[in-house]
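K.L.:
I'd like to go over a predicted model; first the sequence, then the structure.
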Amino acid sequence: MYLLIDIGNTACKAAFADDEKIGKVFRYAGDDIRQFVRDTCESEYPGKKAWVAVLSNVRADDPDLEAMLRNEFCDRLVVLDVAECDRLVETGLAQFEVLANMPEGMGADRIAAILAANNLFPENDLMVFDFGTATTVEFINCHKENSPAHYIGGSISLGLNTRYRALSHFAERIPLLNPRDFMEFHKDEKICPYGTDLDTAMAAGNILGIMFEIEGYQRESPERTVIFTGGDAIYFAEKLKSSIFVVYNLVLMGLSQIAQFYAEQ
């Protein structure tokens, strides 16, 4: 049994896994992450410890959370970061070679998503979009005859909610709108590129703007298999008329791979 924890900028997810199967995913959007993790562990497996816990945390380090996990809820804790990537690469295992080009300071969630994406489509060059607080795009080249699969780079821009919040913060006359209200109310409609009021203008600039970004990346790299993950993945996949794989919990899948590796040791 493995414990997987993904602490994002907006929310935290936790799940238990057994080999490659991830169980129920618990989501929490509050501030007391330690209590959330404790409640999840005690409700699912009271009195038991996971063999391995893997933690992805894009916020500030939390030594108290790490100490709690080590002392109470797992036999071994793996805190995913670039240094941990280096250790995985040093093992020489082919499935981790994609981690060789991770830049210093890269977010743990991006690392895990890249690893999981390559594992899902090992024969394909990939482009992975993650729609969260930030919109990230990752480029992965698959294994070729003379070279292993490897990460070649990516991009980071504002996520959809972050765009709306930023405009409300910096533009005094723009109220804080919820883009998901627009997306739900107009889910069967095509977004017009020229808005006729504040709501439709914000949708044109931000929701449609992200769609234009996606289409631009696809034009630049039409040969790549495209994966969407994150909170708004299904919405954008349904709006775009192209072949896209939507993979929920991609980060947790990557954490599960790492947990398996350590459990097998």
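P.N.:
Arrived safely, thanks for sending. Residues are numbered from 1 along each chain as shown.
K.L.:
ok, now which ones touch the nearest residue in space to residue 112 that is not next to it in sequence?
P.N.:
The shortest distance from residue 112 to any non-neighbouring residue, by CB to CB, 6 or more residues apart in numbering, is to residue 254 (3.1 Å). (C-beta placed from N, C-alpha, C; glycine too.) Neighbouring residues of residue 254 by CB atoms under 8 Å, 6 or more residues apart in numbering: 111-116, 119.
K.L.:
and if you look at residue 105?
P.N.:
residue 82.
K.L.:
quick one: which helix or strand includes it?
P.N.:
In this structure, residue 105 sits in neither a helix nor a strand according to DSSP states H and E.
K.L.:
distance check, it against residue 53.
P.N.:
From residue 105 over to residue 53 the distance is 23 Å, taken as CB to CB, to the nearest Å.
K.L.:
residue 219 now?
P.N.:
Distance, residue 219 to residue 53, by CB to CB: 42 Å.
K.L.:
now residue 238
P.N.:
Counting by CB to CB - residue 238 and residue 53 are separated by 35 Å.
K.L.:
between the two, which one's more packed in?
P.N.:
Neighbours were tallied for residue 238 and for residue 53 using other CB atoms under 10 Å; the higher tally belongs to residue 53 (28 against 12).
K.L.:
show me which residues of the strand or helix carrying the more buried one are buried.
P.N.:
Element membership of residue 53, judged by DSSP H and E, is strand 50-57. Neighbour counts using 16 or more other CB atoms under 10 Å place 50, 52-57 of strand 50-57 among the buried residues.
K.L.:
domains of this structure: list them as residue ranges, please.
P.N.:
Annotated domains of the chain cover 1-79, 98-265 [automatic domain parsing].
K.L.:
which stretch among those comes nearest residue 86?
P.N.:
Among these, domain 98-265 comes nearest to residue 86, with 8.3 Å by CB to CB.
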